[in-house]
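S.K.: Sequence below, structure please.
(2 chains)
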Amino acid sequence: MNSNTLWLIGRRLGAAIVALLIVSMVVFAITAVLPGDAAQQSLGQFATPEQVAALRLKLGLDQPGVLRYLHWLMNLLSGDMGLSVSNAMPVTELMAGRVPNTLMLAAATALVSVPVALVLGIGSAMGRGGRIDSFLSFFTLAMVAVPEFLVATLAVLIFAVNLGWLSALSYASDITSPWQFMRTYALPVMTLCCVIVAQMSRMTRAAVIDQLDSPYVEMARLKGVSPMRIVLRHALPNAIGPIANAIALSLSYLLGGVVIVETIFNYPGIASLMVDAVTNRDMALVQACTMLFCTAYLGLVLIADLCAILSNPRLRNQ
Amino acid sequence: MTDNKIDSPLISGQDSMRVFEGLNRGMSRRNALQMLGVAGVAAVGAGSLFGAAGKLFADEAATPGKGKPGGRIRVAGMSSSTADTLDPAKGALSTDYARHYMFYNGLTRFDPHLVPQLELAERIDNTDATLWTITLRKDVTFHNGKTLSAADVVFSLSRHKDPLTGSKVMPLMEQFVEIKATGTNEVQIRLSAPNAELPSILAVSHLLIVPEGTTDFNAGVGTGPFKVKEFKPGVRSVAVRNTGYWKPGLPYLDEIEFIAIGDEASRVNALLSGDVHMINEVNPRSTTRIKASAKHRVVDAPSGNYTDLIIRQDQMPGKSAEFTQAMKHLMDREQIKSAVFRGFAVVGNDHPIAPGSRYYNADLPQTVYDPEKAKFLLKKAGMESISMPLVASPAATGSVDIAVLLQQSAKQAGLKLDVNRLPSDGYWSNHWMKHPLSFGNINPRPNADVMFSQFFQSKAPWNESGWQNDQFDQLLMLARGETDDAKRSKMYADMQTLVHDHCGIGVPVFISNIDGVDQRIKGYGSNPLGGFMGYMFAEQVWLDA
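M.R.: Modelled structure (predicted):
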C-alpha cells in the first residue's frame, strides 16, 4: 500500500462524512414532511388535543425543525444517539439488539451466495454461447424477475407447511446447535440467495467476458495456454474490480434492504426496525438506522475499490 | 338510593349463560332477572350483576383443577413494533392488551358476556352511583413481593388524568373527580355525575393495577398470572408462570412466548407449520386453509368492532337528512357481510350496539338495501346526479372493499361516488372525520355508555359525523344516573333509535374476530371485546399435549 492508496482512503473518508451529513439532513427533512408527528402516532386514533400538546412539549416537538436537527447533531457528535420516542429506550440499545441478527443473516447469505455466484458467473463466461451459458442465463434472469416475497412464501408453503422440514419463522435467539442454525436460517438464506446470486453472477459473467475479449487473452490462447489457466490466471485478476463492486452492492442490500424477508420470516433485523421507526415518526431511530446503512454502504464500496486497486499492479503503482 | 351492597352471591356460570342467551333472543333485562328468580335485584342496578368474590371461578370456564398444568406455548399476534409497551395506560394494540392481561390484574374483569366480575376488588359499594367504595382483596402481592394496597390503586387510576402519561382513556377518566385511599384496603372514588357503569369501566385493560410510583414499565411488575422473563419491544416477550398467583391453581401454562407476525399469510403459515399455537386476526379468506388442517381450528368470535360510513352532518351534502338516509339505504349489508367478510360478520343497523350485547334494541326495524328508495330520497333532496368523493383506507378494516360496493349500488340511484383510497399511515390524524363522506373503524367498548359518550354525544371529540342532538345528550346523562335497570334499558333503546334514525353514521356490519388455534390448546373460548378471548387467554388456557 503506498501513499497513493492512503490518499484515496483519506479522500473517501472525508467525502463519506459530507455524504452522511447531507443524508441526515435529507432524511430529517423528508420525515418532517410526512403527515403526523411522533406525538400523534404514539397517542393513536383517540388522542385528545391536550394530550398531543403535552406530549409534543415533552418530546421537544414544539421547537422548529432546524433547532431539533442541530440538537440531534450536537448529541451525535458527543456520542449520544438519543432516546427512542416510542418507548423511551436508548436508540443504541434498540440497535444493539438487532444489528447482530442482521449481520448474522448477511454473513450466512454472503457465505453461500458469493462462491455460488462466482462459480456460476465464471462458468457461464467460459462456456459463452453454449448450452450451459444459455441455461444459466435463463435461470438467473428468471430468479431476478421473480419477486422475493413470492419465493419466500412458496418456500414456506413447501418446506415448512407441507413437508414440515424447516421452521416457518426465524429466531436468532433460540439457537443452541448447528442443526438448529441450519433449520432456522435455511429458508431466509435461500430466499435472499435467489435474489443476489443472480445479480452477482450476471456481473461476474460480464466482467470476465470483457476480459476474455481483450488482445492479451487472445495472445495467451494463441500460445496454447489451457482455458482454465487463461480464466483464472489471466482474466480473473483483471476482472476483480467490477466483480468486487457488484458484490459490495449486493451485500449492502443485505444490510438494509431485506424488509420483506424479515417480515415474512419474522426475523428481528435492522430493516424492520427502521420501518417501525418511520411509522412511529421516531426521528432519532430513523436517523441512527440511516447513518448505519449509509456508513455500511460507503464502507463496502470503499473496500471494493481498494480490492480493485490492490489486485491491479497498474493501479497500485500509479 | 342508599348504599347498595353488591357482594351477594347471585348468579352461577350456567345461569349467566342462560341469561345471556335469553338476552340474545331479545329478552328484556327485567325478564332476564325474573328468570333467575331474583326480581328484587332489578332495583340494585346494572353494575350489580356480580357473582360474589367467592363465586368468581364458577363464572368462568376455568375452574381450578379443570385444566392440565404445565407446558410452553408460542402465540403470534398481528402487530408489533418498537412502540410495544407494558404500560397499561398506553396500550394501543391487541399485542399490548394481550401482554397486559398476562402481567396485571384489574379491579374487575369482563366475563365472556362482558358482565364485570370482581377481580382485585373484594366488594364494590356505591351511593347514588356517584360515590363508590372499593374494598380490595388482602391476599394479593405484586411480582416484586410488595402487597397490594389502596395506594397502588389510587396511583394506577390517578395517573390517567395527567396528559403526560399519554393515557388512551384520559377522556373516560375525567369523570373521576376524586380518587383517595380511605384505608389500607379501601379506595373511594367520587364521580362528577352518577355513572352506574363504573364496575365495567374499571375492567378495561388500561385501568389494570400497577405498583405505586412505577416509572419504568418495561419490567412489567403487576399482580397477574405471569411474570416477565423477557420483553423486547418489536421482537417478543416471554412470560413465565407466577407461582405465587393469588388465584389457586392458576395459571396452567408454564411459559408463554408472545411474538407478532404482521403479514397475515405468514401468520397462518406459522400456525399450520406448528411454529405457533395460536394466532389472531385471521383473514376470512384463510379460514378454509385452517379448517382443512386436522390439527387446527378456527374460532369465530362475534364482536362489537365495526367499520362505519361517516356522513358529516355539519356540511353538505350530509346536512340534508334525505341524503344521509339515502346513503344508509345504499349499503347492501348482506353483500358486505358475504363478499367483504366471507360471512364472518353480523349485519348492523346503523347504531353502535351489536346484536347480543347488553341493551341491544331488537325491536328497531332493520335498515334495508333499497336503491329505489335512495333514488327517491336523493331526488327529494335535489341531489339526483351529484358526484362525491368517498374516502376509504386500509386503516379502517374492509372500508376500501365496502366503498367499492357502495360505489356500485350508488350508481343505481344515480349518485356518482369516487372512491379515494388513502394509505393507512397518518389516516387517523389527518383524514378521519375530516371529509364529507369517509370511513372510520371503532373497536368494541366496555359498555353502551362509553360507546355513546365517546362517539355520539354532541360535544364528544370523536363525534364522528358531527351530530348534534339535544334529546340524545339528555338521555345519555339520565341513563348514566339511572340505577333501575329496566329504565336504563329503555333509555338505551331510545338512544339507539335516535342514532339509527338521525345520526350520520352507517354501520353496515359488526366484524367478527377470527382466531386460529392449535387443537391441543384447551379452555379456549371467545369474548366480544376482541380476539385471543378478549386478550385474556393467558390465565385460562392449557396445553393438552
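S.K.: contacts, neighbours, all on C-alpha from now
M.R.: Fine.
S.K.: Setting the sequence-adjacent residues aside, check what's closest to B:His221.
M.R.: In this structure residue B:221 is Val, not His. In this structure, B:Val221 finds its nearest non-sequential neighbour in B:His143, 5.6 Å apart by C-alpha to C-alpha, 6 or more residues apart in numbering or on different chains.
S.K.: tally of neighbours for residue 170?
M.R.: Assuming you mean chain A. Counted with other C-alpha atoms under 10 Å in any protein chain shown, the neighbours of A:Ser170 add up to 23.
S.K.: I was thinking of chain B, sorry if that wasn't clear
M.R.: Counted with other C-alpha under 10 Å, residues neighbouring B:Met170 total 21.
S.K.: Run a quick neighbour tally on A:Lys223.
M.R.: The number of residues near A:Lys223, taken as other C-alpha under 10 Å, comes to 9.
S.K.: pLDDT score assigned to it?
M.R.: On the pLDDT scale, A:Lys223 is placed at 89.
S.K.: Sticking with the residue sitting nearest the centre point of chain B, tell me its helix or strand.
M.R.: The residue lying closest to the centre of chain B (C-alpha atoms, centre = their mean) is B:Pro444, at 3.0 Å. Using DSSP states H and E, B:Pro444 sits within no helix or strand.
S.K.: where does it sit relative to chain A, distance-wise?
M.R.: According to C-alpha to the nearest C-alpha, to the nearest Å, B:Pro444 stands 13 Å off from chain A.
S.K.: Surely that residue touches B:Thr307?
M.R.: No - with contacts counted by C-alpha atoms under 8 Å, B:Pro444 stays clear of B:Thr307, the gap being 11.0 Å.
S.K.: ok, the closest residue to chain A within chain B - contacts?
M.R.: Closest residue of chain B to chain A, C-alpha to the nearest C-alpha: B:Ser273 (4.4 Å). B:Ser273 makes contacts with A:Ala160, A:Val161, A:Asn162, A:Gly164, A:Ser167, A:Ala168, as judged by C-alpha atoms under 8 Å, 6 or more residues apart in numbering or on different chains.
S.K.: now chain B, which segments are flagged as low pLDDT?
M.R.: For chain B, the stretches flagged by pLDDT under 70 are B:1-65.
S.K.: Quick check: residues of it near chain A?
M.R.: Applying C-alpha under 8 Å from any C-alpha of the partner chain, we find that chain B lies next to chain A at B:81-85, B:90, B:92, B:163-164, B:166-168, B:171, B:234-235, B:260-263, B:266, B:269-270, B:272-273, B:275, B:425-426, B:428-430, B:461-462.
S.K.: try it again with 7 Å
M.R.: By C-alpha under 7 Å from any C-alpha of the partner chain, the part of chain B that sits against chain A consists of B:81-83, B:85, B:163-164, B:166, B:168, B:235, B:261-263, B:266, B:269-270, B:272-273, B:275, B:426, B:428-429.
S.K.: Are any of these buried, and if so which?
M.R.: In terms of neighbour count (16 or more other C-alpha atoms under 10 Å in any protein chain shown), the buried residues within the residues of chain B next to chain A are B:81-83, B:85, B:163-164, B:166, B:168, B:235, B:261-263, B:266, B:269-270, B:272-273, B:275, B:426, B:428-429.
S.K.: Regarding whichever residue of the stretch 101-250 of chain A sits closest to chain B, what is its secondary structure?
M.R.: Here the stretch 101-250 of chain A gets closest to chain B at one residue, A:Val161, 4.4 Å apart by C-alpha to the nearest C-alpha. At A:Val161 the chain is in helix, as set by DSSP: H, G, I helix; E, B strand; the rest coil.
S.K.: what pLDDT does it get?
M.R.: We note a pLDDT of 83 for A:Val161 in this prediction.
S.K.: A:Phe138: neighbour count?
M.R.: The tally of other residues near A:Phe138 (other C-alpha under 10 Å) stands at 11.
S.K.: so it sits in a helix?
M.R.: Yes - under three-state DSSP, A:Phe138 sits within a helix.
S.K.: pLDDT wise, what is it at?
M.R.: pLDDT for A:Phe138: 88.
S.K.: Any figure for the gap between it and A:Ile243?
M.R.: 20 Å (C-alpha to C-alpha, to the nearest Å).
S.K.: what's the answer for B:Arg74, then?
M.R.: Between B:Arg74 and A:Ile243 the computed distance is 44 Å (C-alpha to C-alpha).
S.K.: What of A:Ala288?
M.R.: Distance from A:Ala288 to A:Ile243, by C-alpha to C-alpha: 30 Å.
S.K.: in a strand, that's where B:Ser79 is, yeah?
M.R.: No - assignment of B:Ser79 by three-state DSSP gives coil, placing it outside any strand.
S.K.: Could you tell me how many residues sit around it?
M.R.: Counted with other C-alpha under 10 Å, residues neighbouring B:Ser79 total 18.
S.K.: Distance check, it against B:Ala92.
M.R.: Taking C-alpha to C-alpha, one finds B:Ser79 at 11 Å from B:Ala92.
S.K.: For the stretch 151-300 of chain A, which residues are neighbours of chain B?
M.R.: Checking the stretch 151-300 of chain A against chain B by C-alpha under 7 Å from any C-alpha, the hits are A:Ala160, A:Val161, A:Gly164, A:Ser167, A:Ala168, A:Leu169, A:Thr263, A:Ile264, A:Asn266, A:Pro268, A:Asp276.
S.K.: does the residue nearest to B:Val221 really touch B:Ala219, like I thought?
M.R.: No - the pair B:His143 / B:Ala219 is not scored as a contact, 9.9 Å apart, by C-alpha atoms under 7 Å.
S.K.: who has more neighbours, those two?
M.R.: Between B:His143 and B:Ala219, counted using other C-alpha under 10 Å, B:His143 has the larger neighbour count: 24 against 16.
S.K.: quick one: contacts for that one?
M.R.: B:Val221, B:Gly222, B:Thr223, B:Lys227 (C-alpha atoms under 7 Å, 6 or more residues apart in numbering or on different chains).
S.K.: and if you look at A:Asn4?
M.R.: Contacts of A:Asn4 (C-alpha under 7 Å, 6+ apart): none.
S.K.: Unless I misread the structure, it falls within a helix.
M.R.: Yes - according to three-state DSSP, A:Asn4 belongs to a helix.
S.K.: And it, how far from B:Pro211?
M.R.: 65 Å.
S.K.: do the same with B:Gly67
M.R.: 30 Å.
S.K.: Also B:Leu309?
M.R.: From B:Leu309 across to B:Pro211, the span is 42 Å (C-alpha to C-alpha).
S.K.: same thing with B:Pro365?
M.R.: Applying C-alpha to C-alpha, the value for B:Pro365 to B:Pro211 is 49 Å.
S.K.: Below-threshold pLDDT in chain A: ranges please.
M.R.: A:1-2, A:45-46, A:171-175, A:315-318.
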